[in-house]
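**Student:** pasted the sequence and its predicted model underneath.
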Amino acid sequence: MIAVSADLKQKWDRVAQRLRAELGEDLYSSWFARMEMEDCQNGRLAVSVPTRFLKSWIENHYLQRLQKTGETELGALDTVQVRVRTSGGAPRVAEIVERPAPVPMPAVAVPNPLPQQPLSLDLAGAIDPTQTFESFVVGGSNQLAHAAVCRVADALMGAPISFNPLFIHAQSGLGKTHLLNAVCHRIRERQPERKVMFLTAERFMYSFVLALRQKDTISFKDQFQAVDVLLIDDFQFLQGKTMQQEFCHNFNSLVDAKRQVIVAADVPPAQLDMIDQRMRSRLMGGLVVDIEMPDLDLRRRIVESRYTVLRQRDPALVIPDEALDFIANRITGSGRELEGALNRVMAYQQFNNAPITLDLASMVLRDMQANPDGSRIKIDDILKIVGRHFNVARTDLLSPRRARTVVVPRQIGMYLAKKMTARSLPEIGRRFGGRDHSTVLHAVRKIEDQIKTDDKLAREVALLIRLVEQA
């Protein structure tokens, strides 16, 4: 193993922090807490984990995310290699195989020494304290799901169950996890005698594997028997015949005993191709509700809600209503994307000590558009709008002329082409009069640096971005 430099180690620590923030403490602790970086050079990142099970799971589910997050600190990565760690001359941990009979599980190793008890499924500490019913913004797209979980959360212990299971499906970022957290909060605040278990499908699988390795599946099963309300998030990740059989057994046991089960997934039960048909049928036998994309009114109220929270933390933060309206109009996706856009605008104000205006908000969010690959925007449109704005002929923009009245518009045009289209640097150079990629790169970097300190130029670039998008 190559010794990792202090600088590289710091970068890896920042990658780990990003993963923790993106995935949450629960998933990060399950899959990445014991990952170490071994080497990073020539566009290749090598990391290691202690078990073959972790290696396989990360390669099958998180390799692309690991590469994308790693590139934010380590630069462009061509490949990411996950290895199983070795310790001196000892055999590889991943090769120490014990198959717990009679369950036909694949060989899975865990780090030595093994814990004395299986991983507890009581995840009260993992519940997000900010995700309550009070912080959930209700609109036409999520009203039914909100009403359904409210009925579950407010049901009295021992009262008849209206629908079981309750299945919520929606795309990522639309509030499924928020609602599950809110149910946990409401029940624990108003009916603490009701026992609630909230876990992800991944946590269920990870805990079951540890129980198998310790030959103590009875303790694992017993944890479900006393549960009054079971909430399962990210159900689409439940994989493996043995895993599904175990979950189905516990699921049926709870439903038959009139205990409430709530399941959340990215797709409806009928589209869970990896799940057994009997399990899909049981899920469809309850109430299936979906959450749709928020409309403009709901997006505006979500932005206002998140802005209010940010203002409580930092009263110095000031974003005008017109900028908040712009964010709600520009970002047509999930609440998570809206919050990310608001955080970006807030960060720009803090780092640049500049008041947020509509034009600056447009510039800060220039790459967060409905068509992020820039396939709709043409370089010809950019040339036309830049030329018209600066009163410079197209032939001059493409010519070798070095007058400042031509050079600055040309550099701004190259900057816009790089930021707003999917064209490569060499292609942009060819479209701007046959220039090489280094000239384009110089122009992009120069404009990027100048708009950080030149408010007039920043407003001008923001205006041009809006004009190009409207063309």
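**Tutor:** Yep, it's here.

**Student:** residues touching residue 179, list them.
**Tutor:** The contact partners of residue 179, by CB atoms under 8 Å, 6 or more residues apart in numbering, come to 136, 145-146, 149, 168, 264. All C-beta atoms are positioned from the backbone trio N, CA, C, and that covers glycine.

**Student:** which among those gets closest to residue 311?
**Tutor:** Proximity of the contacts of residue 179 to residue 311 (CB to CB) peaks at residue 136, which lies at 18.9 Å.

**Student:** pLDDT-wise, which helix or strand of the chain ranks last?
**Tutor:** Counting by mean pLDDT, DSSP states H and E, the weakest-scoring helix or strand in the chain turns out to be helix 25-31, with a mean of 73.

**Student:** can you give me the buried ones in that helix?
**Tutor:** Judged by neighbour count using 16 or more other CB atoms under 10 Å, the buried positions of helix 25-31 are 26-31.

**Student:** export these to CSV and tack on distance to residue 233?
**Tutor:** Putting these into CSV (distance: CB to CB, whole Å) gives the following:
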residue, distance to residue 233
26, 9
27, 10
28, 15
29, 15
30, 13
31, 15
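
**Student:** now, of the contacts of residue 179, which are buried?
**Tutor:** Buried among those by 16+ other CB under 10 Å: 136, 145-146, 149, 168, 264.

**Student:** as a markdown table, these with pLDDT, distance to residue 221 and secondary structure would be great.
**Tutor:** Formatted as a markdown table, those follow (pLDDT from 0 to 100; distance: CB to CB, whole Å; DSSP: H, G, I helix; E, B strand; the rest coil):
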| residue | pLDDT | distance to residue 221 | secondary structure |
| --- | --- | --- | --- |
| 136 | 93 | 33 | coil |
| 145 | 93 | 30 | helix |
| 146 | 94 | 33 | helix |
| 149 | 93 | 27 | helix |
| 168 | 94 | 26 | strand |
| 264 | 93 | 23 | strand |
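
**Student:** who touches stretch 241-261?
**Tutor:** 103-105, 152, 155, 161, 164-166, 201, 204-205, 208, 221, 224-225, 227-232, 238, 275-276, 278-279, 282, 286.

**Student:** which parts of it are buried?
**Tutor:** For stretch 241-261, a neighbour-count test (16+ other CB under 10 Å) marks 243-244, 246-248, 250-251, 254-255, 259-261 as buried.

**Student:** same question for stretch 338-354.
**Tutor:** Neighbour-count burial for stretch 338-354, counted by 16+ other CB under 10 Å, picks out 338-342, 345-346, 348-349, 352.

**Student:** in three-state terms, label residue 194 for me.
**Tutor:** Here residue 194 takes the coil state, with states given by DSSP: H, G, I helix; E, B strand; the rest coil.

**Student:** contacting residues around it?
**Tutor:** Under the criterion of CB under 8 Å, 6+ apart, the neighbours of residue 194 are 157, 187, 228-229.

**Student:** sorry, back to before: kindly supply the ChimeraX command isolating those of the contacts of stretch 241-261 that are buried.
**Tutor:** Buried members of these can be picked out in ChimeraX with the line below, counting by 16+ other CB under 10 Å:
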select :105,152,155,161,164,165,166,201,204,205,208,224,227,228,229,230,231,232,238,275,279,282,286
